[in-house]
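Participant: Got a predicted structure here, sequence first:
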Amino acid sequence: MKLKLVAVGTRLDDWITTGFNEYARRLPRESALELIEIAPAQRRGQPPAKLRAEEATRLLAKVSSRDHVVALDVLGTKLSTEKLSQRMADWRMTGGDVVLLVGGADGLDASCLTRANEQLSLSAMTFPHGLVRVMIAEQLYRAWTLLSGHPYHRA
């Protein structure tokens, strides 16, 4: 199973790239995490719905029909690290790749939520989209360590 984080946004701060890469490199080759950046829509006074739809077209172009799609959305299911680890085990059993979608400043379009096999939330709070990249990479790494039998300090 390969993991792909498809996220709106390019040219983010160096600390975001460094943080994401640090956790992505810790994952094993069979569960490699790849970042695919999508250019944000040009704002220029456009309504949020139009911006989300334009970004959705770009996001969904990176998804194949075989992929298990996870939309990161504030209204999605909130999981503990242990539950995420269990979900990751389930994802491995499907045999396909897992694509995690992160929207832009206006969130994800309904078409992304409809395509998603599941929706997850990192928190009820709103985070900068760059920080979400680091957070999800860290949580995927932490979930993998649990699956690998490493002790969990919260258990």
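Facilitator: Received the coordinates, thanks.
Participant: rest of the way, CA atoms for contacts and neighbours
Facilitator: Noted.
Participant: What count of nearby residues applies to residue 32?
Facilitator: 15 (other C-alpha atoms under 10 Å).
Participant: quick one, what contacts it?
Facilitator: Applying C-alpha atoms under 8 Å, 6 or more residues apart in numbering to residue 32 gives the contacts 1, 2, 3, 24, 25.
Participant: Turn those into CSV, including neighbour count and distance to residue 119.
Facilitator: What follows is the contacts of residue 32, written out as CSV (neighbours: other C-alpha atoms under 10 Å; distance: C-alpha to C-alpha, whole Å):
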residue, neighbour count, distance to residue 119
1, 18, 19
2, 18, 18
3, 23, 16
24, 23, 21
25, 14, 25
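Participant: Pick the one among these closest to residue 102.
Facilitator: Sorting those by how near they are to residue 102, with C-alpha to C-alpha, puts residue 3 at the top with 13.4 Å.
Participant: gap between that closest one and residue 41?
Facilitator: In this structure, residue 3 and residue 41 are 25 Å apart, going by C-alpha to C-alpha, to the nearest Å.
Participant: Please, which helix or strand holds the one residue sitting closest to the centre of the chain?
Facilitator: Centrality entry for the chain: nearest residue to the mean C-alpha point is residue 100, 3.4 Å, by C-alpha atoms, centre = their mean. Using DSSP states H and E, residue 100 sits in strand 98-102.
Participant: what's the following helix or strand after that strand?
Facilitator: helix 110-115.
Participant: Give me the buried positions along that next one.
Facilitator: If you call a residue buried by 16 or more other C-alpha atoms under 10 Å, then helix 110-115 has these buried ones: 112, 113.
Participant: Show me the contact partners of it.
Facilitator: Outside helix 110-115, the residues that reach it (C-alpha under 8 Å, 6+ apart) are 53, 56, 59, 60, 69, 71, 101, 119.
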